[in-house]
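A.B. asks: sequence? don't have it. structure:
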């Protein structure tokens, strides 16, 4: 058999070897991802946000003094969930139904405390966080919280003030609070608490001292909560 006759067989052999190499590389990538616990999600090409599996149990403590909560009282609830969130983060929006389901299932056995963690590449996140704090001053935090997540595409200053009006807040008081930057330090303090707790992206949750990163499935939270019930 001459060289010309061998060429088709050589091409086939090269293709087979290439396919084997591709499978091996893919398998190695999956192993690395499993070891790191990281899953990369592409949100329609707008953001690429890494989320992680629950971190190993730890004793993370977070100062929640004066922060808004829902569910049971943080001092009495069997499970304390501290949520670090960003009103402009689509993944935080995806976590809303999970939180609602957890509250429906566990009631006052759990307490969910909200803390701000506005990401720098979300241009309206900082002011939206401050607006939430201004609404909290008028005891309307959760209503305002829901409104912002339902309107993530419109978080400019004019819209933030309009939402306050829609919820029957004292708009003049709210506007002064928002425009003066009165809540900037409050939001920045939340950020410091989050960074100290190991939060690197949003949403992030501390469940009885254990870090859970990302908009994880409800079962992930239930597995941690059920340890204490």
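C.D. replies: Cool, got the structure. Keep in mind it's a predicted model, so treat the numbers as computed, not measured.

A.B. asks: from now on I want contacts and neighbour counts done on CA atoms only, so please keep to that.
C.D. replies: Noted.

A.B. asks: okay, strands next: where are they in this protein?
C.D. replies: 38-43, 47-52, 69-71, 79-85, 110-116, 204-207, 210-213 (DSSP state E).

A.B. asks: run through who's touching the third one.
C.D. replies: Outside strand 69-71, the residues within contact range by CA atoms under 8 Å, 6 or more residues apart in numbering are 103, 107-114.

A.B. asks: need the buried ones from those residues selected in ChimeraX.
C.D. replies: Here is the ChimeraX selection string for the buried members of the contacts of strand 69-71, based on 16 or more other CA atoms under 10 Å:
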select :103,108,109,110,111,112,113,114
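
A.B. asks: relative to residue 81, which of the contacts of strand 69-71 is nearest.
C.D. replies: Nearest to residue 81 among the contacts of strand 69-71 is residue 112, at 4.7 Å by CA to CA.

A.B. asks: for that closest one, give me its contacts.
C.D. replies: 69-72, 74, 80-83.

A.B. asks: and for residue 79?
C.D. replies: 109-111, 207-208, 225, 228.

A.B. asks: would you turn these into JSON lines with distance to residue 159 and pLDDT?
C.D. replies: Below are these laid out as JSON lines (distance: CA to CA, whole Å; pLDDT from 0 to 100):
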{"residue": "109", "distance to residue 159": "36", "pLDDT": "98"}
{"residue": "110", "distance to residue 159": "33", "pLDDT": "98"}
{"residue": "111", "distance to residue 159": "30", "pLDDT": "98"}
{"residue": "207", "distance to residue 159": "33", "pLDDT": "97"}
{"residue": "208", "distance to residue 159": "36", "pLDDT": "96"}
{"residue": "225", "distance to residue 159": "37", "pLDDT": "97"}
{"residue": "228", "distance to residue 159": "41", "pLDDT": "95"}
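
A.B. asks: tabulate those (a markdown table), appending distance to residue 91.
C.D. replies: Converted to a markdown table, these look like this (distance: CA to CA, whole Å):
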| residue | distance to residue 91 |
| --- | --- |
| 109 | 25 |
| 110 | 22 |
| 111 | 21 |
| 207 | 18 |
| 208 | 22 |
| 225 | 21 |
| 228 | 27 |
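
A.B. asks: closest to residue 151 among those?
C.D. replies: Looking across the contacts of residue 79 and measuring by CA to CA, the closest to residue 151 is residue 111, at 25.1 Å.

A.B. asks: what bridges to the closest one?
C.D. replies: Here residue 111 sits in beta bridges with residue 71, residue 80, going by DSSP bridges.

A.B. asks: please report how far the residue nearest in space to the middle of the chain lies from residue 122.
C.D. replies: For the chain, the residue sitting closest to the mean C-alpha position, by CA atoms, centre = their mean, is residue 203 at 1.1 Å. Look at residue 203 and residue 122: by CA to CA, to the nearest Å, they are 14 Å apart.

A.B. asks: got it, and residue 187?
C.D. replies: In terms of CA to CA, residue 187 sits 15 Å off from residue 122.

A.B. asks: looking at those two, which one has more neighbours?
C.D. replies: residue 187 (22 against 12; other CA atoms under 10 Å).

A.B. asks: so who does the residue lying closest to that one once chain neighbours are set aside touch?
C.D. replies: Spatial nearest neighbour of residue 187, chain neighbours left out: residue 116 (5.9 Å); criterion: CA to CA, 6 or more residues apart in numbering. Residues in contact with residue 116 (CA under 8 Å, 6+ apart) are 84-86, 129, 187, 190-191.
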